[in-house]
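>>> what follows is a predicted protein model with its sequence.
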Amino acid sequence: MNMNRESCMNDKKVSIIIPVYNIEKYLSKCVDSLIAQEYPNYEIILLDDGSSDKSGEIMEFYASKYPYIRALHHTNHGVSYTRNRGIREVSGEYIAFIDGDDWVDKHYLSRMIEYLEENNLDFVTCNYSFYDDRTGNSNKWMMYEESSCVDKICAAEMLLTTSCVPWNKIYKKSVIKDCKFPEDIAIGEDTIFLMELLGNCDRIGFLNESLLFYRQREGSAMHSGLQPKIWDNVKSGNIVYDIVMSYSSSLRDAAEYRFSENMANILWKIIYSKNIKEIEIKYHEELKSLKESMRGRYRFGSKNKYILSQKRMYLNIAYISPFLLLNMFRIANFIKRR
């Protein structure tokens, strides 16, 4: 840390919550990037979600060396439980979530807090860079070309149509209130949390600086294949859509876009699997549930400006019947193999 922590009484404390699970290869880079922050007043709360590697030992090393770092451990309950526990443990006026395999620029806290306080924001978000773990290449994703401050309706539209993640943001603790990450949902839980939190906000800031590095790696939750938990896309898609529409009917396109992304996530993973027919049989009831959800939240023939035309075509077929869409691809794959 570059500044004297004893001289930071005028700077509000930021509590940084880091869920940790089997990331011994990456954790030190994350924590070291936070130790190097210019901003002087913060705490780091490392929460081990039952790791079986040396992640817990690495946490204890940092906690023993730096008094502003805490290491907490519990049996495996998932990332939502871990983040919720972190929220209960904070002592700062501001809260940030960072995943333990990502890292931040040394100006991350100082620039984010400066922008938040100058504009009297409830939370602030920034651009970030993708780091490909396989190639070592890094690319900035400039979602926000210009910095701006908006109300919750505009913020909802911007977040739903770009990136609905909790970890490139800093929040006033006061707006989190009773908001929690749903612990019974494994996919889309962060979007639910973010959309519920927006209900407590008046003013949100978007900072056009890339200050966080998101690591893309094999085996991460966002890049896993077809697993039973993928059907949580339906549950979270329904919840997010309903929350957003309760704020304003003007958000229909954005809510529909986010919902359609959830449905497409399921359909694409089935389509690109090697055994479409087996999956149809195994998950027959889940596919029927997907169809029912689409009937209430996706407009057949929609000309939604956020949904690409080819994707709209496939979603329209799935609206009629997801089984029809899957059979079309199954037949196409059969013809290709002949």
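Structure's in. What do you need? Residues are numbered from 1 along each chain as shown.
>>> CA atoms for contacts and neighbours, from now on please.
Fine.
>>> so where does the nearest residue in space to Phe300 that is not next to it in sequence fall, helix or strand?
Leaving aside its sequence neighbours, Phe300 sits nearest to Asn316 (CA to CA, 6 or more residues apart in numbering; 5.6 Å). Secondary structure from DSSP states H and E places Asn316 in helix 309-320.
>>> quick one: list the elements packing against that helix.
helix 284-297, helix 322-337 (3 or more CA pairs under 8 Å, 6 or more residues apart in numbering; DSSP states H and E).
>>> what mean pLDDT does that helix get?
Averaged across helix 309-320, pLDDT comes to 94.
>>> who's in contact with it?
Residues outside helix 309-320 that contact it (CA atoms under 8 Å, 6 or more residues apart in numbering): 260, 264, 291, 294-295, 298, 300-303, 324-325.
>>> the nearest residue to Asn137 once chain neighbours are set aside bridge partners, please.
Ranked by CA to CA, 6+ apart and with sequence neighbours excluded, the top spatial neighbour of Asn137 is Tyr131, at 5.8 Å. Taking DSSP bridges as the rule, Tyr131 bridges to Ser138, Arg215.
>>> relative to Gln37, how far out is Tyr131?
20 Å (CA to CA, to the nearest Å).
>>> cool, and Asp133?
24 Å.
>>> comparing these two, which residue is more hemmed in?
Gln37 (20 against 13; other CA atoms under 10 Å).
>>> ok, the more buried one touching Lys106?
Yes. Using CA atoms under 8 Å, Gln37 is in contact with Lys106, at 4.6 Å.
>>> now stretch 26-43: buried residues?
The neighbour-count check on stretch 26-43 (16 or more other CA atoms under 10 Å) flags 27-31, 33-43 as buried.
>>> now stretch 248-257
Buried, per 16+ other CA under 10 Å, within stretch 248-257: 251-257.
>>> pull the CA atoms of that stretch into CSV?
The C-alpha coordinates for stretch 248-257 follow below in CSV (Å, rounded to 0.1, in the frame of the first residue of the first chain):
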residue,chain,number,x,y,z
SER,A,248,-41.0,0.4,-15.3
SER,A,249,-42.7,-1.0,-18.4
SER,A,250,-40.2,1.1,-20.4
LEU,A,251,-37.6,-1.6,-19.6
ARG,A,252,-39.4,-4.3,-21.5
ASP,A,253,-36.8,-4.6,-24.3
ALA,A,254,-33.9,-4.8,-21.8
ALA,A,255,-35.8,-7.3,-19.5
GLU,A,256,-36.7,-9.4,-22.5
TYR,A,257,-33.1,-9.3,-23.8
